[in-house]
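Colleague: Make a model of this:
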Amino acid sequence: MRPLVIGIAGGTGSGKTTLTRALIESFEEQVAVVFHDNYYKKNDHLTYEERCLLNYDAPDAFDNDLLVKQLDALIEGQTIECPVYDFSDHNRSEETLMVQTRPIIIVEGILIFAEPAIRERLDIKLFVDTDADVRILRRMRRDVVERGRSIESVQTQYLETVKPMHELYVEPSKRYADIIVPEGGTNLVALDMLVHRIKSQLGSQA
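Modeller: Next up, the predicted model:
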């Protein structure tokens, strides 16, 4: 049986990962997750200072060809060796993560709907829609606490690349969504509907 492939997109700090975790809790061992963030291009040829200046919120920041190749492999029942991105170093690490195929494959990322080759492989496309003020506060807390960034660097990155790229690429990609989920995984009504929809679709494929 072909896995059910679910795409979860939305702006930075919108609640995509919270929704992903909620679906994992609902379906447990049936879920494999692929994070678009891990497919940022490897930039060993650049210094750390140069990597800090790159635009990480545009589609060409990602190795989408590798993601599509590995997603196809998962759909075909294979195990992949997923890259791992080191946010503190602004570069792909030397580590990889083995991901085994499952009946449900979740692909999560801000720009997955902006890439046609990824989009056409998604059976269900979810867009997490959250107020911009909430998103920037969440991003600032995450980047400072979890990724060791300074408040000044987060603010500069948001104003110079994150916000403009959201308006240029992320927000317009919402039109490709099958379902728009306000507030992500904290929206229990939407989550309950999603779980029933996924169970129904899995049952119809059995």
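Colleague: Relative to residue 111, how far out is residue 134?
Modeller: 20 Å (C-beta to C-beta, to the nearest Å). For every residue, glycine as well, the C-beta is placed using N, CA and C.
Colleague: Give me the more crowded residue out of these two.
Modeller: residue 111 (21 against 14; other C-beta atoms under 10 Å).
Colleague: pLDDT averaged over the lengthiest helix in the chain - what is it?
Modeller: Using DSSP state H, we find that the single longest helix of the chain is helix 188-205. The average pLDDT within helix 188-205 is 87.
Colleague: Ok, stretch 135-150 next?
Modeller: Predicted confidence along stretch 135-150 averages 74 (mean pLDDT).
Colleague: tally of neighbours for the nearest residue to residue 115 once chain neighbours are set aside?
Modeller: Using C-beta to C-beta, 6 or more residues apart in numbering and skipping the chain neighbours, the partner closest in space to residue 115 is residue 64 (5.1 Å). Residue neighbour count, defined by other C-beta under 10 Å, stands at 21 for residue 64.
Colleague: Repeat that for residue 76.
Modeller: 10.
Colleague: who's in contact with it?
Modeller: residue 101 (C-beta atoms under 8 Å, 6 or more residues apart in numbering).
Colleague: now it: how far from residue 101?
Modeller: Residue 76 is 8 Å from residue 101, by C-beta to C-beta.
Colleague: Residue 9 now?
Modeller: For residue 9, the distance to residue 101 - C-beta to C-beta - is 22 Å.
Colleague: now residue 20
Modeller: Residue 20 is 17 Å from residue 101, by C-beta to C-beta.
Colleague: Cheers, nothing more for now.
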